[in-house]
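Student: here is a sequence together with a model predicted from it:
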Amino acid sequence: MARQVQLRDQNKGTGVIVAPSLLSADVLNIGCHTDKIIDSADWLHIDIMDGHYVPNLSYGPSLVKALRKRYTNALLDTHIMVEAAEDFIDLFAETGTDVLTVHYEAARHIHRAVQRIKSADLYAGVAINPGTCASLLTQVLPCLDLVLVMSVNPGFGGQSFIREALDNVRFLKRFRAEHNLNYVIEIDGGVGVGNIAEIVKAGVDAVVAGSAVYGAPDPARAVAALKEKANYHGTVQNI
Ligand code: DX5
Ligand code: ZN
């Protein structure tokens, strides 16, 4: 089965897709905090951590289910940082998430994992860490709806952007054009108003932003500010 609408078209207009990461939300008020950005954000990014693959623990599938119940029409973008990722696909397929992204480095059989995500009728994403070269993905890229380029080492919000991640973005952009593919290139970690223009210029379609959004006094304004910087200095300037 395949979703009818291309993931790249799942945004609220033109320009870069902004996906605030819940990891930086106030855990005692996740619902209220997320209500503030639900209209301005394109997607909701949910980071699941197992304490093994990454040195941190976060949420489980029940949070994704609760978000789906509260925001029926939101696009839920779930990023699982768990070992043996393929063992968790069925569990997350039941949550109502739209996108399920597994780590290339954490799947025993990445192609099998991607096939399983797609057969559950979800958009399939694969994430790569800053130390992984995107060229390792060439065999699976034709099957993917999304590639998540980590620009920090996974596990925590609020880290500094690792510039070499942009080499992976450029490779993925070039490969997509050469092979007439349609996956979304998403970047995750250390993105803010100070660097989003350069990141979008390198070829990113979607940005995850945790502390830059949920850490701001007015999260909705923070999303608007990211979009403004991205679209003016990135997309528009490229024309
Ligand atoms: C890190 C997570 C990110 C993180 C981003 O493992 O995947 O989504 O929350 O947070 P910032 O934007 O604060 O770097
Ligand atoms: Zn993430």
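Tutor: In hand now; what should we look at? Numbers count the residues shown, from 1 in each chain. Ligands and ions are numbered 1, 2, ... in the order given.

Student: which residues touch the nearest residue to Arg68 once chain neighbours are set aside?
Tutor: For Arg68, ignoring the flanking residues on the chain, the nearest one in space by CB to CB, 6 or more residues apart in numbering is Gly96 at 3.3 Å. In this view, the C-beta of every residue, glycine as well, is placed from N, C-alpha and C. Residues in contact with Gly96 (CB atoms under 8 Å, 6 or more residues apart in numbering) are Val64, Lys65, Arg68, Lys69, Leu76.

Student: using TSV, lay out these together with distance to ligand 1.
Tutor: TSV is the format used below for the contacts of Gly96 (distance: CB to the nearest ligand atom, whole Å):
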residue	distance to ligand 1
Val64	14
Lys65	20
Arg68	19
Lys69	22
Leu76	14
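
Student: ramachandran angles for Val193?
Tutor: The phi and psi values for Val193, taken as degrees, to the nearest 10, are phi -60, psi -30.

Student: let the chain start at 34 from now.
Tutor: From this message on, residue numbering opens at 34, which makes the last subject Val226.

Student: can I assume it is in contact with Ala257?
Tutor: No. With contacts counted by CB atoms under 8 Å, Val226 stays clear of Ala257, the gap being 10.5 Å.

Student: what parts of this protein come near ligand 2?
Tutor: Within the chain, the residues that sit near ligand 2 (CB under 5 Å from the ion) are Asp80, His112, Asp221.

Student: now, those that are in strands?
Tutor: In strands, judged by DSSP state E, the following of the residues of the chain next to ligand 2 are found: Asp80, His112, Asp221.
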